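Trainee: Structure for the following, please:
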Amino acid sequence: MPRPPRPSGGKVADQLRPKLPKLATFLDEAETDVLVYTTFPPQHRTKLHSTNPIERLNGEIKRRTEVVGIFPNEDAIVRLIGAILLEQNDEWAVQHARYMTLETMAPLSDDPTVSLPAIAS
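Mentor: This is a model prediction of the structure:
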C-alpha cells in the first residue's frame with residue numbers, strides 16, 4: 001500500500017518506493033539520522049556538509065607519517081598522530097574564523113563547560 005507524501009520530507013523515498021521498496025524503507029528509517037544537521041544553528045549547516053577540514057587533517061597526517069617512513073613500534077605512531085591532533089586542535093582554537101566556535105555551540109548543550117571561553121584571558 002503506497003504511503004501518502006509527507007509534507008516535511010520523504011519525497012525521495014516516496015519516488016523510490018514503487019521500484020525499490022526496501023531502499024525506500026531504509027531511507028524512511030534513516031530520515032532522522034540524515035536530517036540531524038538541521039538541529040544545528042543555521043550558521044553551522046554550511047560547514048557541516050563539507051569534509052574539507054577532516055580531509056586536510058588526514059592529508060597532514062599522511063604527509064608527516066610518510067616523512068618518518070617506518071615506525072619502530074605502534075606507540076611511536078600513536079605519539080606522532082597524537083601530536084598532530086593536538087597541534088591541529090590548538091590551531092583550530094586560535095583561528096579567527098573557527099570552524100564552529102564555543103559561543104555558537106553553547107546553545108546546543110546543557111553542559112556548562114561548553115560555554116567557557118576557548119582561550120583563557
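Trainee: which residue packs closest to Thr38, ignoring adjacent ones?
Mentor: Distances taken as CB to CB, 6 or more residues apart in numbering put Arg45 closest to Thr38, at 7.4 Å, once the chain neighbours are dropped. In short, each C-beta sits where N, CA and C put it, glycine included.
Trainee: Just list what the lengthiest helix in the chain packs against, helices and strands only.
Mentor: Scanning the chain for the longest helix, with DSSP state H as the assignment, gives helix 74-94. Where contact means 3 or more CB pairs under 8 Å, 6 or more residues apart in numbering; DSSP states H and E, helix 74-94 is packed against helix 52-68.
Trainee: which other residues reach the helix it packs on?
Mentor: Outside helix 52-68, the residues that touch it by CB atoms under 8 Å, 6 or more residues apart in numbering are Phe71, Ala76, Ile77, Leu80, Ile81, Ile84, Leu85, Gln88, Tyr99.
Trainee: which of the residues you listed are buried?
Mentor: Buried subset of the contacts of helix 52-68 (neighbour count, 16 or more other CB atoms under 10 Å): Leu80, Ile84.
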